[in-house]
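Chemist: take this sequence and fold it.
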Amino acid sequence: MTATPAELEALTALLDLEDFPSRYNIAPTQPILMVIAGPRNEPGSNLPDRRALLVRWGLIPGWAKDPKDMPLLINARSETAAEKASFRAAMRHRRTLVPATGFYEWKRDGSKKSQPYFIRPRGGGIVMFGGLMETWSEPGGSEIDTGAILTTSANGAIAAIHDRMPVVIRPEDFARWLDCRFSEPRDVADLIRPVSPDYFEAIPISDKVNKVANTGPDIQAPATVGAEPTPVTKAPPKDDRQIELF
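Modeler: Below you'll find the model as predicted:
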């Protein structure tokens, strides 16, 4: 996430975002920015009621007794999120937008990671992923906001790298997606689909991105690769253990 607060405000109709630094290698369990519906505007404002907050990347269901007993839920399969116990409540009541300027994905050679890619909107800019948020209460009474990113099947361009990709919510659909008061999951099901093949561009990069300690812009430097990757196919998981990024 390397956009400025002003750029994010212009896209989402948020106001007075606090300054935040560019982040080039956001890892699971670290804070991510989410936009949710909620009271924020002054009376008489024509802007939509939205606010931004930082949440732990890795959703913890409200009913979980101990996060240590849960898999790391950094993503959620959009096709089944409305039925899965881990995501059902958030899909109905706490849909969010997750701003980013791109994401990383690995092309695999069998079970082995072979080549990382930086995947960003063609021409740059901010992309909004569909997200889910859940507030988990610790036994001691403190609360932690947590979240996951929704994924869908890859489009024709990304399928050469991975069979999944994040759900992209377009600006014209922000309001409907965030409206959990009047829009149930079935009312926004049409938004959960692969984005058009020409939306993203995939840039091969070095394996520096594989280390959380590497957080500088140099990890996005283009790298030379061999032959073009071929589409991958993978059976859907049999359980809720969604631990891959996308």
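
Chemist: show me the helices in this protein, by range?
Modeler: 5-12, 88-93, 174-178 (DSSP state H).

Chemist: give the contact list for the most centrally placed residue in the chain.
Modeler: For the chain, the residue nearest the mean C-alpha position is residue 149 (3.5 Å; Cα atoms, centre = their mean). For residue 149, the contacting residues are 57, 74-76, 98, 129-131, 166-167, 246, by Cβ atoms under 8 Å, 6 or more residues apart in numbering. In this view, the C-beta of every residue, glycine as well, is placed from N, C-alpha and C.

Chemist: repeat for residue 60
Modeler: Applying Cβ under 8 Å, 6+ apart, the residues near residue 60 are 67, 70, 73, 134, 136, 144, 146.

Chemist: roughly how far apart are the nearest residue to residue 22 once chain neighbours are set aside and residue 27?
Modeler: In space, and not counting its chain neighbours, residue 22 is closest to residue 2: 4.1 Å by Cβ to Cβ, 6 or more residues apart in numbering. Distance from residue 2 to residue 27, counting by Cβ to Cβ, to the nearest Å: 16 Å.

Chemist: roughly how far does residue 122 sit from residue 195?
Modeler: To residue 195, residue 122 is 11 Å away according to Cβ to Cβ.

Chemist: settle it for me: which of those two has more neighbours?
Modeler: residue 195 (20 against 11; other Cβ atoms under 10 Å).

Chemist: for the chain, give me the ranges with low pLDDT.
Modeler: For the chain, the stretches with pLDDT under 70 are 40-46, 226-246.

Chemist: apply 90 and report the result again.
Modeler: In the predicted model of the chain, residues 14-16, 18, 38-49, 66-69, 108-113, 123, 138-142, 224-246 satisfy pLDDT under 90.

Chemist: strands of that one, start to end?
Modeler: Applying DSSP state E to the chain gives strands spanning 31-37, 50-57, 75-77, 95-100, 103-109, 112-121, 127-137, 143-153, 164-166, 200-204.

Chemist: what's the closest non-adjacent residue to residue 85?
Modeler: That would be residue 61: by Cβ to Cβ, 6+ apart, it lies 7.0 Å from residue 85.
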